[in-house]
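Trainee: structure for this input, please:
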Amino acid sequence: MHPGYRRRTGLAIWRRTHFAEGRIVGRIRSGGYGYSVDHNIGLAYLPPELAAKGTRLEVELFGERVRAEVTADVLYDPQGARLRA
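Mentor: All right, here's what the predicted structure looks like:
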């Protein structure tokens, strides 16, 4: 990180374009920071052929493309193990 810049704790990713193999495949409909997974997360509607868990995509944020991955997992700790650690 550049000296003097502050890390953002939450990054707005709503309505950002996402790409697969260089072509636009949709937009993120909702997003925010996932504190339990320590990453930005987004909800997007994808074509069925790109909706499989593990599919790699790119999301455009502020003119720069960043990596994204489709996940079907629940992004929380249902047993509360992390809370009790």
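Trainee: alpha carbons only for contacts and neighbour counts from here, please
Mentor: Noted.
Trainee: which residues touch Thr71?
Mentor: Ala52, Lys53, Gly54 (C-alpha atoms under 8 Å, 6 or more residues apart in numbering).
Trainee: got a list of what the last one touches?
Mentor: The neighbourhood of Gly54, defined by C-alpha under 8 Å, 6+ apart, consists of Glu69, Val70, Thr71.
Trainee: did I read that right, it in a strand?
Mentor: No: read with DSSP: H, G, I helix; E, B strand; the rest coil, Gly54 is coil and lies in no strand.
Trainee: roughly how far does it sit from Tyr45?
Mentor: Plainly put, Gly54 is 15 Å away from Tyr45 if you go by C-alpha to C-alpha, to the nearest Å.
Trainee: and the residue nearest in space to the middle of the chain, bridged to which residues?
Mentor: The centre of the chain sits closest to Ile41, judged by C-alpha atoms, centre = their mean, with a distance of 3.5 Å. Residues in a beta bridge with Ile41, per DSSP bridges, are Gly32.
Trainee: wait, it sits on Tyr35?
Mentor: No: under the criterion of C-alpha atoms under 8 Å, Ile41 makes no contact with Tyr35, lying 9.6 Å away.
Trainee: on the three-state scheme, Glu49 is what?
Mentor: In three-state terms, and counting by three-state DSSP, Glu49 is helix.
Trainee: counting neighbours, what do you get for it?
Mentor: Neighbour count of Glu49, defined by other C-alpha atoms under 10 Å: 7.
Trainee: okay, and the common contacts of Ile41 and Tyr35?
Mentor: In contact with both Ile41 and Tyr35: no residue, using C-alpha under 8 Å, 6+ apart.
Trainee: about what we covered before: let me have the contacts of Gly54 in JSON lines, extended by pLDDT.
Mentor: As requested, those are arranged in JSON lines below (pLDDT from 0 to 100):
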{"residue": "Glu69", "pLDDT": "89"}
{"residue": "Val70", "pLDDT": "89"}
{"residue": "Thr71", "pLDDT": "87"}
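Trainee: inside helices: which ones of these?
Mentor: Among the contacts of Gly54, DSSP state H puts none in helices.
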